[in-house]
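Colleague: Next comes the sequence, and after it the predicted model I'd like to discuss.
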Amino acid sequence: MKRYVAIAFRHLLTDDLAIHRPELRGKAFVLAAPERGRMVIRALSPAAAAEGVTVNMVLADARALYPDLEVFDYEPHRAEKLLKRLAEQCLRYTPMAGVDLPDGLILDAGGCTHLWKGERPYMGEIA
C-alpha cells in the first residue's frame, strides 16, 4: 500500500530569515516583491499574520494595518532551494522525498514506518 507524508512549512521563508537574523524572532515582518507598479507581500512572519497581514496583500495596505511592519526583499527561487535542502535531509526517513512548491515536502512512507516501530514513532521522529 502506498503511504505518503505531506509536510507544509507555512512560514518557510520568514522562519529561515529569522534563523539567520535572530533579532527578527517574534517580530512582524514580511517579504515583498514588485508587481504591476506596487509592492506585494509574498511571505510573512507569524507575528505579521497575527496583525491581520496576509500573503498577496499590497504592502501599503499592510502598513496601514501595522505601521511598524519591517519589509525585506522576496527572493523568488529561495523557497525551492530551501525545500530541496530539506528534502535531502529527509532521505534518512524515506527513500524518496520530493519538493511540493510553494512550501511543502512529500515523503514516500511506504515500507518505512516499521523501522521506527510504527507510524507514531516515525512521525514523531520526523517532527
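Modeller: Okay, I see it. Numbers count the residues shown, from 1 in each chain.

Colleague: which stretches of the protein form helices?
Modeller: Assigned by DSSP state H, the helices in the chain fall at 12-20, 46-50, 59-65, 78-89, 119-126.

Colleague: how about the ones you listed in CSV, adding mean neighbour count and distance to Lys2?
Modeller: Bear in mind the C-beta positions are built from the backbone N, C-alpha and C, glycine included. Output for those, formatted as CSV (neighbours: other C-beta atoms under 10 Å; distance: least, C-beta to C-beta, whole Å):
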stretch, mean neighbour count, distance to Lys2
helix 12-20, 17, 26
helix 46-50, 18, 33
helix 59-65, 15, 42
helix 78-89, 15, 18
helix 119-126, 14, 14
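
Colleague: Let me know which of these is the nearest to Val30.
Modeller: Val30 lies closest to helix 46-50 among these, at 5.4 Å (C-beta to C-beta).

Colleague: So which elements touch that closest one?
Modeller: strand 29-35 (3 or more C-beta pairs under 8 Å, 6 or more residues apart in numbering; DSSP states H and E).

Colleague: Give me the mean pLDDT for the strand it packs on.
Modeller: Computed over strand 29-35, the mean pLDDT rounds to 98.

Colleague: picking up where we left off before, need the helices of the chain in CSV (columns: mean pLDDT and distance to Val30).
Modeller: Compiled in CSV, those are given as follows (pLDDT from 0 to 100; distance: least, C-beta to C-beta, whole Å):
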stretch, mean pLDDT, distance to Val30
helix 12-20, 97, 8
helix 46-50, 97, 5
helix 59-65, 96, 7
helix 78-89, 97, 14
helix 119-126, 92, 29
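
Colleague: Among these, which comes closest to Gly26?
Modeller: Going by C-beta to C-beta, the one of the helices of the chain nearest Gly26 is helix 46-50, 5.9 Å.

Colleague: show me the contacts for Ala60.
Modeller: By C-beta atoms under 8 Å, 6 or more residues apart in numbering, the contact set of Ala60 is Arg38, Met39.

Colleague: Rebuild the helices of the chain as a markdown table, extending it with distance to Pro95.
Modeller: Below are these laid out as a markdown table (distance: least, C-beta to C-beta, whole Å):
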| stretch | distance to Pro95 |
| --- | --- |
| helix 12-20 | 24 |
| helix 46-50 | 33 |
| helix 59-65 | 42 |
| helix 78-89 | 12 |
| helix 119-126 | 14 |
